[in-house]
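Engineer: pasted the sequence and its predicted model underneath.
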Amino acid sequence: MTSDHENETATDWGWRREDRRLSGTAWFAVFALSAVGVALVINQLFHLGLFGFRPISTAYYYLLIGLFLPIAFLAFPARGRDAHRVRWYDWLLVPATMGVGAYLAWNAENIISMGWDIMAPTTPTVISGILVLLVLEGVRRCGGLPLLVICAVFGAYPLFAGSMPGVLWGSQYTLAETVSAHAMGVESIIGIPMRVVSDLLIGFIVFGVALTVSGGGAFFMDLATGLMGSSRGGPAKVAILASGFFGSLSGSVISNVISTGAMTIPTMKRCGYPPAYAGAVEACASTGGALMPPVMGAVAFIMASFLNVPYVDVMTAAAVPAVLFYLVLLLQADAYAARTGLQGLPRDQLPSLTATLRTGWVYLFALALLVYLLVFRNIESMAPFYASAVLVFTALVIHSGMDRLRVVLDLVVEAGTNIAHLIGILAGIGLIVGSLSITGVGNAFSRELIQYAGDNVFLLLVLGALTSFVLGMGMTVSACYIFLAIVLAPALVQSGLNEMASHMFILYWGMLSYITPPVALAAVAAAGIAKAPALGTGIKAMRLGSVLFILPFLFIYNPALILDGDTVTVIVSIATALVAVWMLSAGFERYLYFAGPLKAWQVAVVFVGAAGFMIPEHRSDLIGLAALAIVYGERLLAGRRREAA
């Protein structure tokens, strides 16, 4: 599992990046730092105390920054022209970052006991300023210039918060106080985002990499092809299932598009799907992977930390909406194929489902083990390491000789680089969290939103949806969620809405930027593979994934869809939601089962009926039933008239 924007994969004795930036000394440096970093994580999470070493939590976080942030400087170039080589200034940043991390870790107890986050001596204050600058450079390399600007502006906000008007006014700090609070406080660089990475996410990143290097991606592709390849529109269904399988375990959108899309998109095109449609299917399916349990994306773990609940609670709440989303995609793919006469793949081109399961059952076993440990043993931090051990053991058994060594090297280097990428982004996002916290602006903004919306909860939701959507265009999903979890989620909860549903509402609307122009990162990546116009693919993806615009309103008004309610209410809500998404699919593709292609007025009736089933009030279901009766009744009468003629 990786962060919101993805890295490439590993190769023989270097990094399998197209630019091959990591090789030779740089590759070995990344391997060494990654190995030590992962060993430190295992020692900390499993309470091993190797060599009597088990640092306090804040020292542990500083050590991880000192080990993994240097990898970001080696793996990600400062300038485009440096894509093929590591420059001298990259090497200078490595010992600087390691030294800063080691100094702060060594003084972790002094920071706490002497209150250095509030007032510190000169030396730790200077070291804190250096760390802030290193973090900003890391977020620039890992998250891009727009995210750097956002993090820098928010990071500097305490310097002028006292001069801001109205709701933007907050407590003001000097430069020394600001950098000390950011570097040595527990709410900024080593705040919630960094704690989530260190205590939970690293294990899942290792699991995602282990799944890749052990051949899990190919297995899930073959499994999806064996299950759906021969049905009408089979290639599109294969893309949806494969991306759902792989994305639910890797948690990454862009790598999902690149890895599975390289196989599914050309196949869809060969079977008659237009290039833009093929790219849109893959983009939507890959986006949904970050919302599909059991792993989901990095932001799900951050959400669990904000809500102060076990990750399994977030996983459980996300299950039904994610399944509904994938069901809509499958139904639309099938309806499109039925309306246009597209067929599936010939059976002689499909992998044997029996043979696939016989050779790849271990991947399903690893997945089942992960779910068991998460749900029934409640060992979130350790579960992915156990599942990863199964996958690595399998890979070592399958391979022999030097290939075994290559598996281990690839695992360590790729995991280290993915962790570095995530830490590079989330440490920078920590500056946003810290500034909103120490100035008090976050709470003030929530109160202002409530006053502005008054008693109109729907208006508050619309404002929240638009804010999430706009911020999702300029930030990573993690940054967008964290910002709104501080300033918007409290307002939603204080308005009487379900807390889990409120946080998921923000997450879903932030994810929409992946498939909605003008940004549409997933659609752009898929368009490149499909050789289709990026804008056209984005528009298609927005239509195919339009249920993502609707689902957040469904579960926030009806928490039974996130399994919050009594059994009968949950069952009835899910049943009506299933009918609603079926009717939505029929309307979007203008094809209704047992009725055939739909006329324009019938499409409108189907959409009205779907809305009836989506409203929590049971009486509104009559609208949906009436809509179905009208469409099917008209078709029945038309058939009888043709027979009579």
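Structural biologist: Nice, I can see it. Computed from a predicted model, the values in this text were never measured in an experiment.
Engineer: confirm for me that Val392 is in contact with Thr212.
Structural biologist: No. Using C-beta atoms under 8 Å, Val392 is not in contact with Thr212; the gap is 11.5 Å. For the C-beta atoms, the positions are set from N, CA and C on the backbone; glycine is no exception.
Engineer: tell me which of these two has more neighbours.
Structural biologist: More crowded of Val392 and Thr212, by other C-beta atoms under 10 Å: Thr212, with 23 against 19.
Engineer: contacting residues around Cys480?
Structural biologist: 468, 471-472, 506, 510, 513 (C-beta atoms under 8 Å, 6 or more residues apart in numbering).
Engineer: show me which of those residues is closest to Ile556.
Structural biologist: Ile506 (10.1 Å; C-beta to C-beta).
Engineer: so how far is Leu471 from that closest one?
Structural biologist: Separation of Ile506 from Leu471 (C-beta to C-beta, to the nearest Å): 10 Å.
Engineer: higher neighbour count, those two?
Structural biologist: For Ile506 and Leu471, the more surrounded residue by other C-beta under 10 Å is Ile506, and the numbers stand at 28 against 21.
Engineer: leaving out chain neighbours, which residue sits closest to Asn378?
Structural biologist: Pro310 (6.3 Å; C-beta to C-beta, 6 or more residues apart in numbering).
Engineer: list the contacts for that neighbour?
Structural biologist: Contact analysis of Pro310 by C-beta under 8 Å, 6+ apart lists 304, 378, 380.
Engineer: list residues touching both of Ile506 and Leu471?
Structural biologist: 480, 484.
Engineer: pLDDT on the helix or strand where Val608 lies, on average?
Structural biologist: Element membership for Val608, per DSSP states H and E: helix 600-614. Mean pLDDT, helix 600-614: 92.
Engineer: elements contacting that helix?
Structural biologist: helix 567-589, helix 621-644 (3 or more C-beta pairs under 8 Å, 6 or more residues apart in numbering; DSSP states H and E).
Engineer: so Tyr326 touches Ala285, yeah?
Structural biologist: Yes. At 7.5 Å, Tyr326 and Ala285 qualify as touching, with contact defined as C-beta under 8 Å.
Engineer: and these two? Which one has more around it.
Structural biologist: Ala285 (37 against 22).
Engineer: contact partners for the more buried one?
Structural biologist: Counting by C-beta under 8 Å, 6+ apart, Ala285 has contacts 239-240, 242-244, 247, 256, 260, 326, 329.
Engineer: which of the helices and strands packed on helix 600-614 sits most buried?
Structural biologist: helix 567-589 (a mean of 19; mean count of other C-beta atoms under 10 Å).
Engineer: now for that one, which elements pack on it?
Structural biologist: By 3+ C-beta pairs under 8 Å, 6+ apart, helix 567-589 packs against helix 311-340, helix 547-557, helix 600-614, helix 621-644.
Engineer: how far does stretch 372-386 stretch from one end to the other?
Structural biologist: In stretch 372-386, first residue to last residue: 11 Å (C-alpha to C-alpha, to the nearest Å).
Engineer: ok, now stretch 434-449?
Structural biologist: Start-to-end span of stretch 434-449 (C-alpha to C-alpha) is 21 Å.
Engineer: and for Asp566, the neighbour number?
Structural biologist: Count around Asp566 with other C-beta under 10 Å applied: 8.
Engineer: same check, this time on Ala278
Structural biologist: Residues near Ala278, counting by other C-beta under 10 Å: 31.
Engineer: just for the stretch 351-500 of the chain, where's the confidence low?
Structural biologist: 474 (pLDDT under 70).
Engineer: and the contacts of Cys480, which is closest to Val281?
Structural biologist: Out of the contacts of Cys480, the member with the shortest distance to Val281 (by C-beta to C-beta) is Ser513, at 18.4 Å.
Engineer: the closest one: neighbouring residues, count only.
Structural biologist: Around Ser513 there are 26 other residues, counting by other C-beta under 10 Å.
Engineer: same question for Ala304.
Structural biologist: Residues near Ala304, counting by other C-beta under 10 Å, number 20.
Engineer: what's the answer for His47, then?
Structural biologist: 8.
Engineer: what sits against it?
Structural biologist: Contacts of His47 (C-beta under 8 Å, 6+ apart): Arg54.
Engineer: run through who's touching the helix holding Val608.
Structural biologist: 550, 554, 576-577, 579-581, 583-584, 586-587, 590, 592, 595, 598, 620-628, 630-631, 634.
Engineer: rewinding a little: tabulate the contacts of Cys480 (JSON lines), appending distance to Ala298.
Structural biologist: Listed next are those as JSON lines, based on distance: C-beta to C-beta, whole Å:
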{"residue": "Ser468", "distance to Ala298": "17"}
{"residue": "Leu471", "distance to Ala298": "17"}
{"residue": "Gly472", "distance to Ala298": "15"}
{"residue": "Ile506", "distance to Ala298": "15"}
{"residue": "Gly510", "distance to Ala298": "12"}
{"residue": "Ser513", "distance to Ala298": "16"}
